[in-house]
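Trainee: mind looking at a prediction? Sequence and model below.
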Amino acid sequence: MRRKVTKAIFPVAGLGTRFLLATKSVPKEIMTLVDRPLVQYAIDEAREAGIKEFIFVTSRGKGALEDYFDHSPMLEQELRKKGKDDLLEILKATNMESGAIAYIRQHQALGLGHAVWCARRLIANEPFAVILPDDVIAAETPCLKQMVEAYEETGGNMVAAMEVPPEQTSSYGVLDVRDDMGSVVSVNGMVEKPKAEDAPSNLAVIGRYILAPSVLRNLNKKKQGAGGEIQLTDAIAEDIADDVPVYGYRFRGQRFDCGSKAGFLQATVAFALAREELRDDLMCYINEIAQVDKAAQ
């Protein structure tokens, strides 16, 4: 019987420079899609997948992120006094039980692989998930839950994957596919940020992983890869040589790259339109803009 995946690492040490000036004082992960921070979407997805322990790899200046998951007695008392039980219920989603959440500092920006390696002592010898909050996925069944269900059949290592246009492969880790079984593909190898002409496929890795503890041992070698950073994809690919299988999982859902301004705005509109109480007003506004643009042309 395979060990259940109950721990997840959230690498959130980045400075969010693409969102300056906002991120000068606010961690990017606290920025909101409609009325929920990016990190809340990631936490909710992890909980749905059965994650019980949440490990955040942070850096200096992320105090607001840590405070977000703390209890707020004064706010709760005020809401209770005013009879705002619906808001109290919403607030519960931000609370973490004592001991369920841990924070590790990444002192140097040495890449995603290094960030995951920083949490090694809290993982021990068990499989674990990695979730990048920048990648927000709208799905009927949360992406990580889909992966956990597939992982129970395959074991090994599993990465979320999606097809991208060939000209975009240089922005992703790309899978060298061995066998395509539909939603699951077995993998010969992984190439980090290849040029279009060098890419083994257009199946790109995005920010969800279920990994064997052997990946942490590979990261412990601290090999530098693309960009001089310690790449997580390199450590996963190294497992293939040691006969630990690696699989890509084509998830069902829409992924938004909220690490970019365009992706963040697209996600904001999509999530707002999915809210019944916001949809009509927002659609009216969008239609008005479209009509003004059409008239101007």
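Mentor: Ah, there it is.
Trainee: for this structure, what are the low-confidence residue spans?
Mentor: Low-confidence segments of the chain (pLDDT under 70): 1-2, 226-227.
Trainee: do that again at 80, thanks
Mentor: 1-3, 15, 93, 97-98, 222-229, 293-297 (pLDDT under 80).
Trainee: which stretches of it form strands?
Mentor: 7-11, 32-33, 36-37, 53-58, 101-105, 128-131, 135-138, 157-163, 173-180, 184-192, 203-211, 246-250, 254-257 (DSSP state E).
Trainee: now these as TSV including mean neighbour count and distance to residue 297?
Mentor: Where you see a C-beta, it was placed from the backbone N, CA and C, and this is true even at glycine. Shown next, in TSV, are the strands of the chain (neighbours: other CB atoms under 10 Å; distance: least, CB to CB, whole Å):
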stretch	mean neighbour count	distance to residue 297
strand 7-11	25	44
strand 32-33	18	31
strand 36-37	18	36
strand 53-58	21	47
strand 101-105	16	52
strand 128-131	25	43
strand 135-138	22	31
strand 157-163	23	33
strand 173-180	19	39
strand 184-192	20	42
strand 203-211	24	35
strand 246-250	24	39
strand 254-257	19	28
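Trainee: ok, which of those strands comes nearest residue 282?
Mentor: strand 32-33 (13.3 Å; CB to CB).
Trainee: what helices or strands is the closest one leaning on?
Mentor: Counting contacts by 3 or more CB pairs under 8 Å, 6 or more residues apart in numbering; DSSP states H and E, strand 32-33 packs against helix 261-273.
Trainee: identify the residues contacting the helix it packs on?
Mentor: Residues from elsewhere that reach helix 261-273 (CB atoms under 8 Å, 6 or more residues apart in numbering): 18-19, 31, 33-34, 136, 138, 254, 256-258, 278-279, 282-283, 286.
Trainee: switch the cut-off to 7 Å
Mentor: Helix 261-273 has contacts (CB atoms under 7 Å, 6 or more residues apart in numbering) with 18, 33, 34, 136, 138, 256, 257, 258, 278, 279, 282.
Trainee: could you do stretch 150-170 as well?
Mentor: Against stretch 150-170 from outside (CB under 7 Å, 6+ apart): 2, 5, 143, 147, 172, 175, 183-184, 193-196, 199, 202-206, 208-212, 215, 236, 239, 244-251, 255.
Trainee: what does stretch 84-97 give?
Mentor: 40, 44, 54, 68, 69, 71, 76, 79, 80.
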